[in-house]
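Chemist: Just the structure for this:
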Amino acid sequence: MHFAERLWQRHRWSVPLSLASALFFARLAWEVREGELDGVDAAVQKLVNGLRGSFDGSMVFLTTFGGGLPMTLLVCAVLILLMSAGKSRESRFLLWSTVGSLVLNLLLKLLFHRARPHAEPAYLLPRPDSLSFPSGHAMAAASVLGSLTVVVRVLRPRRAVWLSVAVLSALIALGVALSRIYLGAHYPSDVLGGLFAAAAWVSAVTGWVYPRLLPHERTKRAAP
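Modeler: Just a heads-up that it's a prediction; the model follows:
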């Protein structure tokens with residue numbers, strides 16, 4: 001069997017998911033660089049600004065939870081539990097997917113070098129002075145929570161448990177992304193870019209480490 005055929009059989013879902021997310025990110029990044037999304041960003045920001053005052057507490061909580069320290073502590077806590085339970089493969093997966101996402105985010109920020117929104121002062125929180133695209137909070141939350149969802153799925157709990165974790169993780173990740181727009185820390189396209197980049201990376205790592213996790217990927221499981 002040719003290499004391409006083996007690759008497709010092993011990664012029949014993960015490769016398309018990763019490539020599609022990467023292509024969406026690339027198109028978004030191109031339009032951001034060309035300034036074609038400025039009008040869309042302004043319209044969405046105006047819409048979200050109209051919600052200010054109604055969800056201040058929850059938005060501050062979500063943006064704090066999606067920050068570097070809480071995400072790092074969450075990953076470290078889960079890593080300790082996994083290693084204590086002898087789950088070395090799951091530990092490696094979680095480490096690769098989360099640390100890799102962090103490195104990727106830093107590289108992408110340096111590549112695109114987009115400044116933060118110009119509103120002064122930012123709403124409720126000091127305006128960050130780091131680069132803006134893609135959003136680190138959105139990418140970190142999506143990568144960490146998405147990776148934890150994969151780990152829970154691999155551990156094979158009851159279907160209701162896994163689905164509950166998946167839905168809750170998705171809602172929190174989207175909430176963190178929305179909070180960055182709500183608080184004026186990012187353009188809407190920044191958080192969308194962070195979500196696409198996280199999806200591309202996590203799906204690629206998931207497909208490589210767990211090729212039988214997704215539907216129709218039926219090759220033999222690799223040894224731990």
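Chemist: give the contact list for the spatially most central residue of the chain.
Modeler: In the chain, the residue lying closest to the centroid (C-alpha atoms, centre = their mean) is residue 142, at 2.6 Å. Shown in contact with residue 142 (C-beta atoms under 8 Å, 6 or more residues apart in numbering): 173, 177, 194, 195, 198, 199, 202. Any C-beta I mention is one placed from the backbone N, CA and C, and that applies to glycine too.
Chemist: now, among these, which is nearest to residue 82?
Modeler: The shortest approach to residue 82 among these belongs to residue 202, at 16.8 Å (C-beta to C-beta).
Chemist: element containing the residue nearest to the closest one when sequence neighbours are not counted, please.
Modeler: Among residues not flanking residue 202 along the chain, residue 146 sits closest, at 4.7 Å (C-beta to C-beta, 6 or more residues apart in numbering). Under the criterion of DSSP states H and E, residue 146 resides in helix 136-154.
Chemist: go on, residue 211?
Modeler: Applying DSSP H and E, one finds residue 211 in no helix or strand.
Chemist: Would you state the predicted confidence (pLDDT) at it?
Modeler: You'll see residue 211 listed with a pLDDT of 72.
Chemist: just to revisit the earlier point, look up how far residue 203 lies from the residue nearest to the centre of the chain.
Modeler: Look at residue 142 and residue 203: by C-beta to C-beta, to the nearest Å, they are 11 Å apart.
Chemist: and if you look at residue 133?
Modeler: For residue 133 relative to residue 203 (C-beta to C-beta), the value is 21 Å.
Chemist: cool, and residue 179?
Modeler: Taken as C-beta to C-beta, the span from residue 179 to residue 203 is 24 Å.
Chemist: what does residue 185 give?
Modeler: Separation of residue 185 from residue 203 (C-beta to C-beta): 26 Å.
Chemist: Give me the buried positions along stretch 146-153.
Modeler: 146, 147, 148, 149, 150, 151, 152, 153 (16 or more other C-beta atoms under 10 Å).
Chemist: Low-confidence regions, this structure specifically.
Modeler: 1-12, 119-122, 212-224 (pLDDT under 70).
Chemist: With that, I have no additional questions.
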